[in-house]
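[1] return atomic coordinates for the entry below.
(2 chains)
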Amino acid sequence: MSRLAKLLFAVVLGGSLATTLLLEASAQQVAARSSGKLGLGRPALPEEIKAWDTDVRPDGKGLPVGKGTAKEGDVLFQERCASCHGEFGQGVGRYPAIAGGIGTLKADRPDKTVGSFWPDASTVFDYIKRSMPFGNAQSLTDDEAYSLTAYILNMNDVIKDENFELNEKNFASVKMPNAAAFYGDDRETAEKHFWKKDPCMKDCRTAPKVIGRAVSVDVTPDSKAGPKVD
Amino acid sequence: MSGKPATDILNRRRFLGAAGLAGTGAALGVASAFAGAGGKPDPLITEVQDWNRYLGDGVQSRPYGTPSKFEKDVVRRDVPWLTASPESSVNFTPLHRLDGIITPSGLCFERHHGGIAEIDPADHRLMINGLVDKPLVFTMEDIRRMPRVNKVYFLECAANSGMEWRGAQLNGCQFTHGMIHNVMYTGVPLKVLLDEAGLKPNAKWLMLEGADAAGMNRSLPIEKALNDVLIAFAMNGEALRPEQGYPLRAVIPGWEGNLWVKWLRRIEAGDQPWQTREETSKYTDLLADGRSRKHTFVMDAKSVVTNPSPQAPLKYKGRNVLTGVAWSGRGTVKRVDVTLDGGRNWQSARIDGPVLDKSLVRFYVDLDWNGQEMMIQSRAMDSTGYVQPTKEELRKVRGVNSIYHNNGIQTWLVRADGETENVEIG
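    Next up is the predicted model:
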């Protein structure tokens, strides 16, 4: 459609939708109009990038130089982590279990832990380094993060030898048991039948019966338990 | 509803008592006003009220306005047993007390992984590094000098309705569907920022990282980043709320809320996804065969009737307004159908208000109710032809352990006394 035809089409359509189409610039259009440099921002210095860029990928990219064993990690874990995750990684209260659960993913109540579920070992290191211990993030040294990662992998039988030294050179060779069980989003093919031309409007099913009630489960918080706003 | 003046509740009790004595068999009103219905004049009309005689507060007594004190039960609520600590937890938008399509900023549900970061915008920095020609650091003042746009988008947590996979659990649409809000954002297209740094040709993914105590990080495909992602500093016309990422957050239209990194401090360009904790151990969908889908970013079309619902029962026979909201991460909502008999027969609801891309729409059925039991459901259809499935259809393809992306059709049972509950039907 030519530009004029588009305009005419919009006018004929009338109403708020057409107006919206004409008035709202898309993010791409605004970006295109500002093409060329704005001259805003300043170069990030190498020290600044080093301070913030701590992320680690499955191929080992981003791993800092360092090392640690499960044996060293055990000591640290009992001191810094066990109050939430339990002495053996079994979890305390509603804090997550991080060990065990192997073979439960098809069970009625799957137990998704680092060993039973997580596809990549690098995630353990990345997450410990950026957010653990809960409430005192980024307080661990690189060697401590290696030791804790080694201990967690040892609890999950991924690293068998507690004296095995995990470091930036051998890290990417660690393979997780459930890695092959992940695949990309395929909803648009696997659930293609949810795209329907004419969903049923009349006499679509037999008389429904109530087969479950939330009030029987009785886990809804009382409205009085809401936050006070006074 | 406790938001009503006490006199109304008293009058209602009196009326209900009288109705009981008269043996009508239904504890429901028909008339629209209780006082005056019995032929006696309403003192709220015949007597001068305090607010009608004495001066109220002057200007500037409320320099930042808040809702009326009679609305104090319209608040976000949490489910304490759901999470280990309030700093890594979620609360829920009171959908049953809202109308239109915009969620007021103070009622937008919260999901934090390390509490609310309190950041002075003067101390906030945004870094872009990785596969770029020139790694850059921006201040908030830099960002406010860039071309900006205004867009209304819904944000739904992928775990919204996640407690309902095994059957009806929580009795209220606030709890079953309240991990959603719909807000007008003001922000800079991410492409503007990326152009400034200059993406290298092999940059295929970005990692977004927050400045909070969780250092929240997620990978984002570059096609989406260049298409419609915004870096927003305002919501509903004013600065972002601290709970929503003040001073800067990512807006990823139509995609799961976890990607909308709050307190955004860094964007790294790379050639593959990072496989962070939030995109592997969480926000992946475990299916019945033990395998898991990952990178399930798009939010499927979904809808819910917000009134009546368990927290908002029907109080009157006769005229009532049935209403709800619908949305789709794939485009616009084309149609919403409503059934009153548990899915046997459907009618198309009236959509009112703006119908925008990847935004909530508001729908209504103006209803005459004769006091018969109803099983109410709503079914959304989007611009791609996707039709919201029943819970049964969804469980058939996903099992019950996937936690995330539960967009199955919700059933509310309205009993003869107007009380409404969350049920599962078969």
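[2] the host helix or strand of residue B:207 - contacts with which helices or strands?
    Residue B:207 is part of strand B:205-210 when elements are defined by DSSP states H and E. Counting contacts by 3 or more C-beta pairs under 8 Å, 6 or more residues apart in numbering or on different chains; DSSP states H and E, strand B:205-210 packs against strand B:217-221, helix B:222-227, strand B:264-270. All C-beta spots, glycine's among them, are computed from the backbone N, C-alpha and C.
[3] would TSV of the ones you listed with mean pLDDT be doable?
    Compiled in TSV, the helices and strands packed on strand B:205-210 are given as follows (pLDDT from 0 to 100):
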stretch	mean pLDDT
strand B:217-221	98
helix B:222-227	98
strand B:264-270	98
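[4] how near is the spatially most central residue of chain A to chain B?
    Centroid-nearest residue in chain A: residue A:123, 9.7 Å away (criterion: C-alpha atoms, centre = their mean). Separation of residue A:123 from chain B (C-beta to the nearest C-beta, to the nearest Å): 5 Å.
[5] quick one, what contacts that residue?
    The contact partners of residue A:123, taken as C-beta atoms under 8 Å, 6 or more residues apart in numbering or on different chains, are A:58, B:275-277, B:280-281.
[6] ok, now with 7 Å
    B:275-277, B:280-281 (C-beta atoms under 7 Å, 6 or more residues apart in numbering or on different chains).
[7] and what of residue A:90?
    Counted by C-beta under 7 Å, 6+ apart, residue A:90 has contacts A:97, A:99-100.
[8] would you say it is within a helix?
    No. Membership of residue A:90 in a helix is not supported by DSSP: H, G, I helix; E, B strand; the rest coil, which gives coil.
[9] OK, contacts around the residue most central in space within chain B?
    In chain B, the C-alpha nearest the mean C-alpha coordinate belongs to residue B:180, at 2.1 Å (C-alpha atoms, centre = their mean). Remark: with contacts taken as C-beta under 7 Å, 6+ apart, residue B:180 is in contact with B:93, B:109, B:154-156, B:160.
[10] redo that, cut-off 6 Å
    With contact taken as C-beta atoms under 6 Å, 6 or more residues apart in numbering or on different chains, residue B:180 is in contact with B:154, B:156, B:160.
[11] so what does it look like in phi/psi?
    For residue B:180, the backbone dihedrals (degrees, to the nearest 10) come out as phi -150, psi 150.
[12] got it, and residue B:153?
    Torsion angles, degrees, to the nearest 10, at residue B:153: phi -140, psi 150.
[13] check it and give its pLDDT.
    In this model, residue B:153 is scored at 98, pLDDT.
[14] any idea which element the closest residue to it other than its chain neighbours lies in?
    Nearest residue to residue B:153, sequence neighbours excluded (C-beta to C-beta, 6 or more residues apart in numbering or on different chains): residue B:253, at 4.7 Å. Using DSSP H and E, residue B:253 is not contained in any helix or strand.
[15] kindly report the same for residue B:337.
    Assigned by DSSP H and E, residue B:337 falls in strand B:333-339.
[16] what about that strand, near chain A?
    No. Judged by C-beta under 6 Å from any C-beta of the partner chain, strand B:333-339 stays clear of chain A, getting no closer than 7.0 Å.
[17] quick check: what element follows that strand along the chain?
    Remark: after strand B:333-339, the chain's next helix or strand is strand B:347-348, criterion DSSP H and E.
[18] quick one: low-confidence parts of the chain?
    Using chain A. A:1-25, A:28-36, A:222-230 (pLDDT under 70).
[19] my question was about chain B, not that one.
    In chain B (pLDDT under 70), the answer is B:1-27, B:29-37.
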